[in-house]
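J.: coords please:
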Amino acid sequence: MRTSILTIAASLAMTLGIGAASADTLADVKAKGTLTIGVKNDYPPYGFLNDKGEIVGFEVDLGKYIAKELLGPEGKFELVPVVAANRIEFLNSGRIDIILATLGVTEERGKVIDFSEYYVSAPGPSVIAPKAATFSKWEELKGLTLCGIQGSYYNKHLSGDLGIQLTAFKTQPEAYRALKDNRCVGFVFDDMTLRQKTEEADWAGYKIAVDPYEYIPQAAGIRKNDVAFRDAVNKAITKAEAEGKLIEWETTYGMPPAKYIAERAKAAAAKLKP
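T.: Numbering: from 1, shown residues only. From the prediction side, this is the model:
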């Protein structure tokens, strides 16, 4: 009976993504010589597959930079693809050391993980829909069916507060396919990714039908009370900002120049000035 109870408790902790792993990640990472990073591989410009099948992107480059700062030029990194629905579970179960995967800072997530310095102020969700769509405001979507992604922080608001019928998929390709099959009137997702999608030839018949209603900070996800690791990650992020790396990566991955990133770069440079 005792074994059964322990098994149930362990399963519950895994489901909730509550700290099953060590909270001395800095020591663990240095001991193994590798930083294991949870990244997106379907989410341009932050993490996606290039023509060679390699995972690249803004947050991938940031992860590589952090690995180098923690482990030196000979340090290694491992990229582990994650999705919104499993990234916190992967972190708290020890499968990854850090989340760099379009993680918006929310109060609910802050109950089970800590966040690094905020390095991006990202536009929230918008809606991509056929150009023939006549809706342009969130209030006009009440009672309509939108495709979405499981684990997105705004799902509860969309369905609970706005009355949208949300059909949530695990991955973006599934949601895009459903939109083209007319299983929903639009696809609600993070604005920057949807705007890049409308620039693709296959999506010429689609538009951003509804603009974002908010901007939220984006940060790395770190296990609770992992203070030494969080401080080391923050130090690396500030150094990257001071060197203009985040501005450089914006250009590399076709992101519009963000005032937020430029201001943080200026502040970081002043902070680290001898």
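
J.: Quick one: the helices in the stretch 101-250 of the chain, in order.
T.: All helices of the stretch 101-250 of the chain, identified by DSSP state H, counting those that start in this stretch, fall at 155-156, 172-180, 191-197, 227-242, 245-252.

J.: for these, which one sits closest to Leu162?
T.: helix 155-156 (10.3 Å; C-beta to C-beta). To be clear about C-beta, it is placed using only N, CA and C from the backbone, and glycine gets the same treatment.

J.: Between the helices of the stretch 101-250 of the chain, which one is closest to Leu70.
T.: Closest to Leu70 of the helices of the stretch 101-250 of the chain, according to C-beta to C-beta: helix 227-242, at 5.9 Å.

J.: Which of the residues in the closest one are classified as buried?
T.: Phe229, Arg230, Ala232, Val233, Asn234, Ala236, Ile237, Thr238, Lys239, Ala240, Glu241, Ala242 (16 or more other C-beta atoms under 10 Å).

J.: Make CSV from the helices of the stretch 101-250 of the chain and add distance to Glu78 and mean pLDDT to it.
T.: Formatted as CSV, these follow (distance: least, C-beta to C-beta, whole Å; pLDDT from 0 to 100):
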stretch, distance to Glu78, mean pLDDT
helix 155-156, 30, 94
helix 172-180, 23, 96
helix 191-197, 24, 88
helix 227-242, 16, 98
helix 245-252, 20, 97
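
J.: for those, which one sits closest to Tyr213?
T.: Among the helices of the stretch 101-250 of the chain, helix 191-197 comes nearest to Tyr213, with 10.1 Å by C-beta to C-beta.

J.: Quick check: nearest residue in space to Asp61, chain neighbours excluded?
T.: Of all residues beyond its chain neighbours, the one nearest Asp61 is Trp249 (5.0 Å), with distances taken as C-beta to C-beta, 6 or more residues apart in numbering.
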